[in-house]
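Novice: Got a predicted structure here, sequence first:
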Amino acid sequence: MTTKPAAAAVRATVHGYPRQGSDRQLKKAIERYWKGRLTADALLATAAELRADAWRQLAEAGLDEVPTGDFSLYDHVLDTSVMVGAIPERHRAAYAADPLAGYFAMARGTQEVAPLEMTKWFDTNYHYLVPELGPDTVFAADPAKQLAEFGEARALGLTARPVLVGPVTYLLLAKPAPGVAADFEPLSLLDRLLPVYAEVLADLRARGAEWVQLDEPALTQDRTPAELAAAERAYRVLGTGADRPRLLVAAYFDRLGEALPVLAKAPVDGLALDLTGPAARNLDDLAAAGGLPGKRLVAGVVDGRNVWINDLERSLATLATLLGLADRVDVAASCSLLHVPLDAAAERDIDPQILRWLAFARQKVTELVTLARGLTRGSDAIAAQLAANRADLASRAGSPITHDPAVRARAAAVVPADARRSAPYPERAAAQRARLGLPPLPTTTIGSFPQTTELRAARAELRAGRLDEAGYQERVRREIQETIAFQERAGLDVLVHGEPERNDMVQYFAERLTGYLATQHGWVQSYGTRYVRPPILAGDISRPEPMTVAWTGYAQSLTERPVKGMLTGPVTMLAWSFVRDDLPRGETARQVALALRDEVVDLEAAGSAVIQVDEPALRETLPLRAADQPAYLAWATEAFRLTTAGVRADTQIHTHMCYAEFGDILRAIDDLDADVISLEAARSHMQVARELAAAHYPREVGPGVYDIHSPRVPDPDEVVGLLRAGLAAIPAERLWVNPDCGLKTRAWPEVRDALTHLVKAAETLRGEL
Ligand code: GLN
Ligand code: ZN
């Protein structure tokens with residue numbers, strides 16, 4: 001197929017770019033500032049250099065318009081709170097005295113004041129700081145950051161487009177401030193917020209911004225008629241404001257659905273749409289709505305959240321269709337490139353053949369520029385790039401890595417019975433009780449024990465070649481010995497080996513499964529200065545050999561008490577990795593589940609009577625639209641059951657999830673058919689236990705009684721109090737005693753005391769039964 005030149009030039013842009021620099025310079029500078037080793041001025045200078053570098057990179061790659069204001073020292077939603085003057089009361093004095101220190105205090109808290117709450121940015125692994133609003137909130141415009149960054153890009157001679165979190169999304173992401181009624185709706189503040197946005201927009205216009213982008217990803221979620229009406233009002237007001245720049249409203253992460261006609265009809269000048277994955281339905285919806293006559297359409301045809309090269313010919317075809325639907329069409333990534341690593345070319349350990357299938361932020365920008373050129377000048381102008389792209393896509397599609405016949409055949413042969421335990425829960429519970437002989441209120445932990453500096457140092461030495469494999473294994477064995485010995489002394493009932501050998505609960509398994517890739521430099525911001533390197537699900541997944549059996553077996557050899565085998569579940573393996581775009585997620589989940597199933601069966605054969613399969617990500621991967629949730633939950637729960645159903649009735653399967661709010665997945669939790677579930681509950685005073693009881697959850701439950709997010713050690717009385725609250729909801733035969741989550745981030749002295757108190761509390765209550 002050839003695409004003819006477009007009537008007008010097609011341009012390329014992005015909504016945002018990785019902030020950290022090629023060597024995570026931003027993280028390092030901020031952390032040095034926190035430690036007092038870098039001055040505020042030096043930090044701000046580093047930040048400005050990193051911004052300038054990124055813009056130059058984008059311009060040199062051929063982008064026509066660079067985004068500004070998407071940069072952040074911590075989080076762009078926190079920046080928006082600052083921009084609209086929504087500084088919480090408790091932070092105001094410190095912020096006024098020293099805005100930079102005050103900014104970080106809002107993000108991280110101080111000895112005296114609590115930070116803003118942090119939560120996930122839609123269904124990504126980025127976390128934002130939740131705005132705190134109330135009826136008394138007084139908004140006031142503070143456009144300094146936006147104006148300064150716009151000015152910096154202009155000074156480099158670039159065409160720049162400021163990007164702001166839109167007012168509707170900002171309010172929908174907010175929560176009632178402390179002390180404000182829980183039913184307060186931040187969206188009720190819209191009419192007060194709009195003049196502040198209008199002021200910021202006018203200021204940007206006055207500085208020379210032709211276009212300003214307002215991001216409204218919240219409109220890709222299910223929205224009530226009242227919320228859609230609010231969006232309609234917001235853009236009527238902003239769109240008819242005096243002295244305004246041209247407005248581009250951007251929505252990404254899913255299709256706009258009923259919000260599409262609202263925005264299409266609004267008096268704004270352009271829309272940026274996500275056209276990847278399920279959001280590709282925006283294309284038909286846009287055509288059905290009559291297109292965007294007279295407006296600019298920024299077409300997000302390159303996936304901004306994944307690491308795979310684009311199918312350029314397919315994108316060209318999509319773009320060619322779009323040309324007829326709007327006045328001007330630009331090519332963009334579907335969302336900010338914040339969610340992908342910076343540069344695939346920095347990877348030295350990935351097979352060069354596979355590297356050609358990968359596109360991180362820099363490669364995606366090149367794709368956008370190529371697509372824009374192909375549309376502007378006709379596809380002949382990019383014939384060489386198209387040929388190379390076709391060859392790379394073909395090599396990926398035909399590779400034995402992406403198509404392992406044995407894996408495919410096994411996955412295709414799965415029947416429903418494979419995902420069902422051999423006996424119903426009550427029978428299993430009896431068999432397990434007989435086999436394990438645990439006391440009522442059995443005590444256990446969630447898996448990890450402190451990851452000490454010595455352990456991390458040993459791993460670094462191993463990587464650097466200063467420690468050999470045997471020496472490293474010896475250190476891990478010593479750690480396991482100490483962990484087991486401590487647990488016996490403390491009197492815990494079900495022990496763990498402590499996970500000392502695991503760098504990360506996903507990466508450890510990814511490194512041992514065929515079809516998974518690890519990166520060296522693939523850092524992605526999780527929150528603030530925390531960056532993670534998600535592994536890449538590149539091909540069909542299989543397990544060449546057991547991954548945990550030796551360590552668990554070693555731990556079991558040291559004690560008479562049961563040692564719990566410890567695995568990361570298939571849904572979490574997917575959620576914290578980059579997934580394939582050439583296979584439905586449910587299929588990949590099934591492959592991972594079958595590999596883990598073999599591990600579960602091997603653990604059982606090696607003597608494990610208790611095996612835990614962690615699924616902390618089950619809820620966070622829930623699709624944004626309710627209509628898509630049942631299909632997700634169906635494959636997700638099937639994958640968990642497939643992982644765990646291969647064992648005998650008297651082998652006890654545990655699962656663990658790190659949150660306290662799970663109302664919307666209660667059914668799914670039941671569908672996992674695990675024998676025991678542990679959840680976070682200490683902070684909510686066992687709320688989880690009451691909710692599970694109210695829903696008649698029939699199995700055993702371990703609501704956490706030790707908040708591991710804090711260095712605080714609870715005393716035995718406090719744990720007794722929590723357990724009494726638990727017992728009011730769940731009978732003693734079904735109640736476990738455990739911390740909220742793993743102990744890897746805690747220090748040994750705290751852990752020793754806290755677990756000793758936890759056992760003591762369980763013993764006290766057993767005495768009363
Ligand atoms: N077993 C893991 C641990 O204890 C679970 C971690 C998690 O739930 N995120 O570290
Ligand atoms: Zn957890």
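Specialist: Looks like it arrived, so ask away. Ligands and ions are numbered 1, 2, ... in the order given.

Novice: Next up, the contacts around Gln487.
Specialist: Taking Cβ atoms under 8 Å, 6 or more residues apart in numbering, we find Gln487 in contact with 445, 495-496, 559, 561, 755. (C-beta placed from N, C-alpha, C; glycine too.)

Novice: any idea which helix or strand carries it?
Specialist: For Gln487, the host element (DSSP states H and E) is helix 469-490.

Novice: what's the helix or strand following that helix packed up against?
Specialist: Later in the chain than helix 469-490, the nearest helix or strand by DSSP H and E is helix 507-510. Packing contacts for helix 507-510, counted by 3 or more Cβ pairs under 8 Å, 6 or more residues apart in numbering; DSSP states H and E, involve strand 514-517, strand 565-568.

Novice: what about the first one, distance to the chain center?
Specialist: Taking the mean C-alpha point of strand 514-517 and that of its whole chain, the gap between them comes to 20 Å (Cα atoms, centre = their mean, to the nearest Å).

Novice: which residues are in contact with the helix or strand that it is followed by?
Specialist: Once the chain leaves strand 514-517, the next helix or strand it forms, by DSSP H and E, is strand 524-527. By Cβ under 8 Å, 6+ apart, the surrounding residues in contact with strand 524-527 are 18-20, 75, 118, 125-128, 338-341, 531-534.

Novice: Strand 524-527: how far from the chain's middle?
Specialist: Its chain's C-alpha centre and that of strand 524-527 lie 8 Å apart, by Cα atoms, centre = their mean.

Novice: what's the answer for stretch 63-80, then?
Specialist: On Cα atoms, centre = their mean, the centre of stretch 63-80 falls 19 Å from that of its chain.

Novice: quick one: strands adjacent to the worst-scoring helix or strand of the chain on mean pLDDT?
Specialist: The helix or strand of the chain with the lowest confidence, counting by mean pLDDT, DSSP states H and E, is strand 118-120 at a mean of 91. With DSSP bridges as the test, strand 118-120 is paired with strand 127-129 (antiparallel).

Novice: wait, what's in contact with whichever residue of the stretch 551-700 of the chain sits closest to ligand 2?
Specialist: Relative to ligand 2, the nearest point of the stretch 551-700 of the chain is Cys658 (3.0 Å; Cβ to the ion). With contact set as Cβ under 8 Å, 6+ apart, Cys658 has these partners: 616, 679-680, 740-741.

Novice: near ligand 2, from these?
Specialist: Filtering the contacts of Cys658 for proximity to ligand 2 (criterion: Cβ under 5 Å from the ion) leaves 616, 741.

Novice: first to last residue in stretch 646-653, what's the distance?
Specialist: End-to-end span of stretch 646-653 (Cα to Cα, to the nearest Å): 11 Å.

Novice: quick revisit: in strands only, show me the contacts of strand 524-527.
Specialist: In strands, judged by DSSP state E, the following of the contacts of strand 524-527 are found: 118, 127-128, 531-532.

Novice: picking that back up, make a markdown table out of the contacts of Gln487 and add distance to Ala242 and pLDDT.
Specialist: Output for the contacts of Gln487, formatted as a markdown table (distance: Cβ to Cβ, whole Å; pLDDT from 0 to 100):
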| residue | distance to Ala242 | pLDDT |
| --- | --- | --- |
| Thr445 | 62 | 98 |
| Leu495 | 69 | 98 |
| Val496 | 64 | 98 |
| Thr559 | 75 | 98 |
| Arg561 | 74 | 98 |
| Leu755 | 64 | 98 |
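
Novice: okay, these in a markdown table with distance to Thr321 and neighbour count next?
Specialist: A markdown table is the format used below for those (distance: Cβ to Cβ, whole Å; neighbours: other Cβ atoms under 10 Å):
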| residue | distance to Thr321 | neighbour count |
| --- | --- | --- |
| Thr445 | 56 | 28 |
| Leu495 | 61 | 25 |
| Val496 | 55 | 27 |
| Thr559 | 65 | 13 |
| Arg561 | 65 | 16 |
| Leu755 | 62 | 25 |
